[in-house]
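>>> predicted model and sequence below, questions to follow.
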Amino acid sequence: SARDVFAAHGNTTFTAFVDSYLAELALRRGDPAEAARRAELSLRVFSRLKLATRAGHSRLLAARAAYQAGDRTRALRMAKSALASAEGRFTPALVYQCHHLIGRVDRDRGRGDSALDSFRRAVETVDQMRGGIAADEFKATFLRDKIEVYEDAIAACLEQGGRARLEEAFRLVESSKSRSLADLLARYLRGTPAKKSGRVEKGVEGETRSRLLRLIEELNWYNSQAGLEEDKGGQRKAGVAERYRGRVQHCERQIGQLFRRLEASGSPFAEIQRMQGATSKDLCEVLEPGETAIEYFTTGDCVSAFIASRDGIRVERGIASKRDVERLLAGLRFQLEKFNYGSGFADEHFEQLNRATNQHLIQLYELIFARLEPFVENDKLIVMPHGALHYVPFHALLDRRGYLIDRFEVSYAPSTAVLKLCRQRGAQMRNGHPGNGKVGESKGGASDLRLIGRTHGKMVALGVADGDTPSIDVEVNALRGIFSDAVTLTGQEATRSNLMKFAPGARFLHLASHGYFRRDNPMFSFLKLADSSLNFYNLLDLKLNAEMVTLSACHTGVNMVFPGDELHGLMRGFLYAGAPSVVASLWAANDASTAQFMSTMYSRIQAGDTKRAALRAAQLAVKDAYGHPYYWAPFILMGNPD
């Protein structure tokens with residue numbers, strides 16, 4: 001329709017623009033003939049008007065159409081012509097796509113060396129583009145249409161074989177995984193956050209931060225008002241609540257925009273070290289004796305894995321089909337979600353539910369772990385998932401000998417780079433360099449003084465119980481018994497201001513509440529507090545000195561996995577705030593079993609166990625008491641396992 005308007009007014013330039021868009025659409029719909037026709041129409045106009053960059057893009061579209069139609073000779077010729085038109089001009093998006101397509105043609109023709117060289121140039125160009133992006137949100141979504149560049153380069157390296165190509169493939173896997181999260185964590189090792197040094201932001205940045213904080217307060221208010229109106233019931237109240245929900249959405253958009261502005265300014269958010277992709281040597285060196293790490297990666301539909309110990313690294317290719325993994329995982333989620341029907345249903349159908357869930361766990365074991373287990377040398381396992389594998393409870397995978405937790409201590413990490421940074425951050429804590437967090441500096445009444453008197457850098461536990469989760473109070477009371485000087489914030493004391501006040505002085509921070517995962521906007525996933533909701537943006541001014549944060553709620557470990565394996569959700573916020581280890585849940589946790597789980601885990605930590613050993617002890621104890629993985633397997637340990 002737009003093309004018709006432009007053509008009717010004789011606007012040949014905009015008509016050509018629309019033709020190029022229609023060519024792109026035709027390619028996505030699998031219609032190479034239509035794509036070639038539209039690309040040719042736009043190329044004629046752009047060439048006549050001497051719009052070299054646009055003409056180059058039209059040539060690239062024609063090359064992609066030819067490749068899709070199976071005409072590799074024309075595809076190669078047009079791609080090289082498009083690349084030549086980009087020479088001397090800053091057109092990285094055109095350049096990387098040309099190199100990528102040329103590499104694919106060479107690969108298809110059996111020219112492995114040439115293909116790999118082109119893929120390397122494509123990756124290099126993408127990395128240069130990526131380095132200029134300040135906003136964390138944009139970094140995470142940047143690879144959405146570019147991840148195949150890395151996957152093709154990784155596959156080409158592994159096809160060639162040899163130690164050097166294995167190392168190159170590993171670096172490529174790492175450079176494509178959780179890079180922006182690694183950038184954020186690296187700031188803590190350099191000590192750059194402004195709040196740690198006591199600086200007060202001034203000027204434009206200070207105004208932006210102040211406005212951001214005001215918007216967060218407004219968001220909390222509108223959310224609470226909407227909830228109050230909904231609770232009143234009635235059509236009129238529903239209309240009022242809907243208006244408040246509209247204001248909530250408006251605030252969320254503005255918060256996202258302001259956060260990106262802070263990151264892009266000259267603020268500490270922008271003082272981000274450009275992380276280099278970790279090497280296989282980095283992985284082997286970060287592992288302790290007796291540890292095995294499995295780092296999964298995907299090329300196309302093929303799931304593969306690196307298996308590493310301190311003694312070296314190997315690769316196992318073609319373990320599984322990504323589609324098969326996603327199918328089984330969907331079935332597992334379906335079985336676990338049946339517990340949402342209530343305890344009566346679960347008790348009545350327990351054996352049937354247990355058999356169905358275990359069947360999916362057996363099939364997942366055979367698909368993604370059976371081939372790898374012979375290379376796991378000891379009982380300490382670190383899993384670095386990829387894509388949908390982030391939703392797999394590896395510790396609950398099952399074979400004829402039992403669950404993996406029966407024979408392994410299992411922890412998780414997003415990537416080698418993030419594991420290394422989390423371990424370094426954990427070492428800072430143990431060596432007495434946690435930061436400058438001070439507890440109880442603000443003035444308050446008797447309640448504040450009573451709470452301040454109970455804290456000595458040990459446990460800070462916040463609990464928000466209701467009719468559906470009465471065991472949260474039991475859970476928090478149990479922690480008071482384990483940690484004699486614990487700060488416990490329950491009822492009306494479980495507020496955001498108290499959390500911000502006492503959390504910086506915690507060695508362990510425990511949050512027990514309802515958790516909600518926002519699939520539409522994962523950075524606004526939240527924990528319910530007494531007076532507000534706690535989401536990623538609420539954590540921007542929280543600088544943690546805790547060795548571990550536990551999110552004892554439903555779905556707190558569920559993240560939206562963006563291309564490039566960036567995890568967006570509550571867990572990211574606490575890693576961002578400086579926590580080297582986070583315990584979180586993959587699905588809706590049962591109230592009573594969670595209370596027992598947490599009591600056992602912290603008792604073992606107080607007795608001197610490592611975090612992962614304590615987690616395993618809790619998993620085994622609840623497994624013996626409840627049986628079904630729904631009760632004992634939701635919680636995972638992400639980050640530093642020590």
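Ah, there it is. Numbering: from 1, shown residues only.

>>> in this structure, which ranges drop under the pLDDT threshold?
131-141, 178-206, 209, 227, 230-238, 260-277, 432-457, 518-523, 540, 554-569 (pLDDT under 70).

>>> please report phi then psi for residue 86.
When read as degrees, to the nearest 10, the backbone of residue 86 gives phi -90, psi -10.

>>> hang on, it packs against residue 54?
No. Using CB atoms under 8 Å as the test, residue 86 is too far from residue 54 to be in contact (11.4 Å). No exception for glycine: its C-beta is placed from N, CA and C like everyone else's.

>>> ok, now which ones touch residue 56?
Residues near residue 56 by CB atoms under 8 Å, 6 or more residues apart in numbering: 82-83, 85-86, 91, 94.

>>> would TSV of those residues with distance to residue 546, secondary structure and neighbour count be doable?
Putting the contacts of residue 56 into TSV (distance: CB to CB, whole Å; DSSP: H, G, I helix; E, B strand; the rest coil; neighbours: other CB atoms under 10 Å) gives the following:
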residue	distance to residue 546	secondary structure	neighbour count
82	52	helix	27
83	51	helix	23
85	55	helix	23
86	50	coil	21
91	47	coil	21
94	47	helix	21
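
>>> burial count for residue 492?
Residues lying near residue 492 (other CB atoms under 10 Å) number 10.

>>> separation between it and residue 463?
As judged by CB to CB, to the nearest Å, residue 492 and residue 463 stand 12 Å apart.

>>> tell me where the stretch 101-250 of the chain has helices.
112-131, 136-142, 147-160, 163-175, 179-190, 194-197, 203-232, 235-264 (DSSP state H, counting those that start in this stretch).

>>> mind listing what's buried in stretch 158-178?
Neighbour-count burial for stretch 158-178 flags 158, 160, 165-166, 168-178 (criterion: 16 or more other CB atoms under 10 Å).

>>> residues in contact with it?
Under the contact criterion CB under 8 Å, 6+ apart, stretch 158-178 has outside partners 112-113, 116, 123, 127, 143, 147, 150-151, 153-154, 157, 276-280, 283, 295, 297, 304, 306, 313, 315, 317, 384, 386, 414-418, 564-567.

>>> buried ones from those residues, can you make that a ChimeraX selection?
Here is the ChimeraX command that selects the buried residues among these (16+ other CB under 10 Å):
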select :116,123,127,143,147,150,151,153,154,157,277,278,279,280,283,295,297,304,306,313,315,384,386,414,415,416,417,418,564,565,566,567
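
>>> start to end distance for stretch 491-506?
20 Å (CA to CA, to the nearest Å).

>>> now stretch 492-501
15 Å.

>>> gap between residue 248 and residue 210?
The value you get for residue 248 to residue 210, if CB to CB is used, is 21 Å.

>>> so between those two, which is more surrounded?
Taking other CB under 10 Å, residue 248 and residue 210 do not tie; residue 248 has more neighbours (19 against 11).

>>> could you find the closest non-adjacent residue to that one?
residue 222 (4.8 Å; CB to CB, 6 or more residues apart in numbering).

>>> I'd say the one you found and residue 254 touch.
No. Using CB under 8 Å, residue 222 makes no contact with residue 254, being 11.9 Å away.

>>> who has more neighbours out of these two?
Using other CB under 10 Å, the more surrounded residue of residue 222 and residue 254 is residue 222, with 20 against 15.

>>> and that one, how far from residue 213?
15 Å.

>>> residues contacting the residue nearest to residue 248?
244-245, 247-248, 251.

>>> check the offset of stretch 97-109 from the chain's centre.
Taking CA atoms, centre = their mean, to the nearest Å, one finds the center of stretch 97-109 at 31 Å from the center of the full chain.

>>> what are the contacting residues of it?
60, 63-64, 67, 72, 75-76, 79-80, 82-83, 86, 112, 114-119, 121-122, 125, 148-149, 152-153, 156.

>>> thought residue 641 was touching residue 411, still the case?
Yes. Residue 411 lies in contact with residue 641 (CB under 8 Å); the separation is 3.7 Å.

>>> which neighbours do these two share?
Joint contacts of residue 411 and residue 641 (CB under 8 Å, 6+ apart) are 382, 611-612.
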